[in-house]
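S.K.: build me a model:
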Amino acid sequence: QVQLVESGGGLVQAGGSLRLSCAASGRTISSFTMGWFRQAPGKEREFVVAIGWTSGSTFTADSVKGRFIISRDNAKNTVYLQMNSLKPEDTAVYYCAARDLTEYRYWGQGTQVTVSS
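M.R.: Just a heads-up that it's a prediction; the model follows:
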């Protein structure tokens, strides 16, 4: 089992930055692909960005490309999401997830990000 806890969310003005963290416990996440998802009010959860277990490959949604950067520190069992040039449409609850061979099996509880215009 993997427990994931997100932190770093909050209220920020448009154009600002936030850095989210996802701390894992229970087992190492070094062999998992790690992803960030988000869910805005009234909308379905959507993929944001993911990073392979070697950190050599990342996958980014077009909506955040060039603004959001994912990274991981396997020694700290932690994944990060650096969010720059934030827009009001980035407002959502952000979730961290760990993917095994078949699916994103483990999910955190989420952290709220609110971007004011």
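S.K.: for the residue nearest the centre of the chain, which non-adjacent residue is closest in space?
M.R.: Of all residues in the chain, the one closest to the mean position by Cα atoms, centre = their mean is Trp36, 2.8 Å from it. Closest residue to Trp36 apart from its sequence neighbours, by Cβ to Cβ, 6 or more residues apart in numbering: Val48 at 4.5 Å. (Glycine included, C-beta is placed from N, CA and C.)
S.K.: and the helix or strand harbouring the one you found, what's buried?
M.R.: Using DSSP states H and E, Val48 falls within strand 46-51. Neighbour-count burial for strand 46-51, counted by 16 or more other Cβ atoms under 10 Å, picks out Phe47, Val48, Val49, Ala50, Ile51.
S.K.: my read: the first one touches Phe37, true?
M.R.: Yes - with contacts defined as Cβ atoms under 8 Å, Phe47 counts as touching Phe37 at a distance of 5.7 Å.
S.K.: residue ranges with poor pLDDT in this protein?
M.R.: Flagging of the chain using pLDDT under 70 yields the residue ranges 55.
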